[in-house]
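Asker: show me how the following folds:
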Amino acid sequence: MILKTVRGKTPIHGANCFFSETSVVIGDVVMGRDCSVWYHAVIRGDVHSIRIGDRVNIQDGAVIHATYERSPTTIGNRVSIGHNAIVHGCTIHDNVLIGMGSIVMDDCVVESNSIIAAGAVLTQGTHVPSGTIYGGVPAKKIKDISAELLEGEIERIADNYTLYAGWFTESKVQ
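Answerer: Presented below is the predicted three-dimensional model:
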């Protein structure tokens with residue numbers, strides 16, 4: 001892992017976090033407990049703050065960034081950021097799945113218990129209500145989330161990534 005201080009700010013993380021050897025965490029980043037940052041993922045808090053809750057997984061190739069002096073990034077608890085997703089200058093509440101290859105732009109708000117479908121693009125300022133699925137380019141509401149999707153996707157993926165991180169105990173940073 002590359003852990004780098006920028007502009008006098010050093011990343012901080014809670015207990016039991018896993019960082020792959022090729023992950024990069026820079027600057028004003030505060031991360032909770034039981035998080036995982038996977039291969040080639042980048043969390044770049046060089047231009048604004050990034051706040052990440054507990055049990056968040058940031059999968060391979062994902063980029064978390066912000067906009068200089070304008071839009072910080074805040075990610076709640078039990079959030080899964082899919083492979084190659086971009087989360088930029090936005091607010092993601094608790095229990096959210098950001099699908100593979102999706103883009104969440106500045107000033108978007110994704111409320112709790114929501115899914116952003118793989119490949120979706122949330123344009124600047126999009127507001128995703130709690131309990132919905134958004135997909136497409138630009139992303140629009142597809143449908144409401146069923147109890148099966150909430151448990152079968154959002155919760156399952158967050159739990160699985162906590163399990164997967166445990167397989168890499170030799171690489172854990174405590």
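Asker: longest single strand anywhere in the protein?
Answerer: Scanning the chain for the strand with the most residues, using DSSP state E, yields strand 42-52.
Asker: please point out which parts of that one sit buried.
Answerer: For strand 42-52, a neighbour-count test (16 or more other Cβ atoms under 10 Å) marks 42-48, 50-52 as buried. All C-beta spots, glycine's among them, are computed from the backbone N, C-alpha and C.
Asker: just stretch 140-153 next, same as before
Answerer: 145, 149-150, 153.
Asker: thinking again about what came up before, check the offset of the longest strand of the chain from the chain's centre.
Answerer: 11 Å (Cα atoms, centre = their mean, to the nearest Å).
Asker: partner strands of it, with direction?
Answerer: Note on strand 42-52: by DSSP bridges, its sheet partners are strand 24-31 (parallel), strand 63-65 (parallel), strand 73-75 (parallel).
Asker: isn't residue 19 right next to residue 2, touching?
Answerer: No: contact status for residue 19 versus residue 2: not in contact, 9.1 Å apart, counting by Cβ atoms under 8 Å.
Asker: what do those two both touch?
Answerer: residue 25 (Cβ atoms under 8 Å, 6 or more residues apart in numbering).
Asker: pick out the residue nearest the middle of the chain.
Answerer: residue 81 (4.1 Å; Cα atoms, centre = their mean).
Asker: between residue 19 and residue 2, tell me which one has more neighbours.
Answerer: residue 19 (26 against 11; other Cβ atoms under 10 Å).
Asker: residue 156 and residue 121: what is the separation?
Answerer: Residue 156 is 25 Å from residue 121, where distance means Cβ to Cβ, to the nearest Å.
Asker: actually residue 129, not the one I typed
Answerer: Residue 129 is 18 Å from residue 121, by Cβ to Cβ.
Asker: higher neighbour count, the two?
Answerer: residue 121 (18 against 14).
Asker: who's residue 121 bridged to?
Answerer: Under the criterion used (DSSP bridges), residue 121 bridges to residue 103.
Asker: give me every residue that touches it.
Answerer: Neighbours of residue 121 in contact, by Cβ under 8 Å, 6+ apart: 102-103, 105, 136-139.
Asker: in the protein, spot the helix with the most residues.
Answerer: helix 156-166 (DSSP state H).
Asker: the bottom helix or strand of the protein by mean pLDDT?
Answerer: strand 172-173 (a mean of 46; mean pLDDT, DSSP states H and E).
Asker: with mean pLDDT added, can I get the strands paired with strand 42-52 in JSON lines?
Answerer: Converted to JSON lines, those look like this (pLDDT from 0 to 100):
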{"stretch": "strand 24-31", "mean pLDDT": "98"}
{"stretch": "strand 63-65", "mean pLDDT": "98"}
{"stretch": "strand 73-75", "mean pLDDT": "98"}
